[in-house]
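Asker: Here's my sequence, what's the structure:
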Amino acid sequence: MLSAQERAAFERDGYVIQRQLLDAQDLESVRQVIAHSVERRIQVLREQGAIGQTYGGEPFERRWARVFAEYSQSPHPAPHLTVWGRHDILDRVIYDLYTDPRLTSAATALIGPAITANGDFWVRPKAPGDQTTTLTWHQDSFYYGGVAAEHLQVLSVWIPLVDVDVRNGCLKLVPGSHRFGRIPARANQHNHQEPVEAVATYGQVVDEPMRMGDVLFFHNHTLHASGENSTDQVRWSIDLRYSPDGQGFDWHKMGEEFNVHFPCFVAASPDPAQVESWEAWQARWQANLPSN
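Answerer: Just a heads-up that it's a prediction; the model follows:
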């Protein structure tokens, strides 16, 4: 549960970190789901002849880094390897994380008593030296593309799956930048959105090292960026999003179609009967499989 001081910090800074909110066992199940996805992807790359070995003896933190280093030298590297989500990572473990009372308690304290879990969850393998995952300064709202009404709320939840610091690309944030609302943005050479004005216009940059188990909650207008990973391991993380239940989808460029392509579900409510089951959420994802 968020303390009064933590809620005040979120209002003031546009973000708050709850230290050691989750434990290693919770996150190990997420890491295992990712490890299985890594295995599937590696086997495909091996069958395609894109890599010469599978690096099966490497630990979770390093295996994908070794694969990425080899594969990135191929003539046709695939951009989709830098962010994983939707059907390719969907698992009961993701649902359990979204509905974990420790997360939903904080989310309901920040955006209301009933909350929707958005379907746009992402696992991010920040490989060493991968410039495509060194995201420039942005508000999450830059990528939504819908209306920018100030009453709309989309709470981002960023969870590192390894310890993070400036060496492997911890998040950087600008405290208080959410108070500027949605600011003007433009695309850079990597097609990432960035502010038109210098970041210093909106405040002072703060690096936020985090340990595995820490959870960052931030406002959709809070400016943030990720640094470069200069280690020999992957900086694994997963990010989730919540909205107040009943809020429309006009904040997103897809409008109501967002809920079709990225099925959302009620994750917490004063009426427990309103919380959608894993089976029901999974069925809505399966109804929208690309092969259908």
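Asker: In contact with the spatially closest residue to Asn188 that is not a sequence neighbour, which residues are there?
Answerer: Using Cβ to Cβ, 6 or more residues apart in numbering and skipping residues adjacent in sequence, the residue nearest Asn188 is Glu194, 5.2 Å away. For every residue, glycine as well, the C-beta is placed using N, CA and C. Counting by Cβ atoms under 8 Å, 6 or more residues apart in numbering, Glu194 makes contact with 136-138, 142, 185-188.
Asker: and the residues you listed, which two are the farthest apart?
Answerer: Trp137 and Ala187 (13.1 Å; Cβ to Cβ).
Asker: Give me the more crowded residue out of those two.
Answerer: Each of Trp137 and Ala187 has its neighbours counted (other Cβ atoms under 10 Å); Trp137 has more, 22 against 10.
Asker: what's the nearest residue to His178 if we skip its chain neighbours?
Answerer: The shortest distance from His178 to any residue that is not its chain neighbour, by Cβ to Cβ, 6+ apart, is 3.2 Å, and that residue is Gly14.
Asker: Show the contacting residues for that neighbour.
Answerer: Gly14 touches 173, 175-179, 218-219, 221-222, counting by Cβ under 8 Å, 6+ apart.
Asker: same question, Asn288
Answerer: When contacts are counted by Cβ under 8 Å, 6+ apart, Asn288 is found next to 260-261, 263.
Asker: correct me, but Val166 touches Asp207?
Answerer: Yes - with contacts counted by Cβ atoms under 8 Å, Val166 reaches Asp207, the gap being 5.5 Å.
Asker: Name the residues contacting each of these two.
Answerer: Where contact means Cβ under 8 Å, 6+ apart, the residues bridging Val166 and Asp207 through contact with each are Gly227.
Asker: How about the backbone phi and psi for the residue nearest to His178?
Answerer: phi 80, psi 10 (degrees, to the nearest 10).
Asker: can you pull the pLDDT of it?
Answerer: pLDDT for Gly14: 97.
Asker: ok, the helix or strand hosting the residue nearest to Asn188: who's next to it in the sheet?
Answerer: Under the criterion of DSSP states H and E, Glu194 resides in strand 193-195. Partner strands and pairing direction for strand 193-195 (DSSP bridges) are strand 185-187 (antiparallel).
Asker: Rounded mean pLDDT for the strand it pairs with, please.
Answerer: Per-region confidence: strand 185-187 scores 87 on mean pLDDT.
Asker: contacting residues around that strand?
Answerer: With Cβ under 8 Å, 6+ apart as the test, strand 185-187 has contacts from 138-139, 142, 193-196.
Asker: What helices and strands are in contact with the lengthiest strand in the chain?
Answerer: If each strand of the chain is counted by residues according to DSSP state E, the longest one is strand 235-244. With contacts taken as 3 or more Cβ pairs under 8 Å, 6 or more residues apart in numbering; DSSP states H and E, strand 235-244 sits against helix 24-47, helix 92-98, helix 101-111, strand 115-117, strand 122-126, strand 155-160.
Asker: what is the rounded mean pLDDT of the longest one?
Answerer: Averaged across helix 24-47, pLDDT comes to 92.
Asker: and the angle from that helix to helix 101-111?
Answerer: With axes from the mean of the first three to the mean of the last three Cα atoms, to 10 degrees applied, the angle from helix 24-47 to helix 101-111 works out at 100 degrees.
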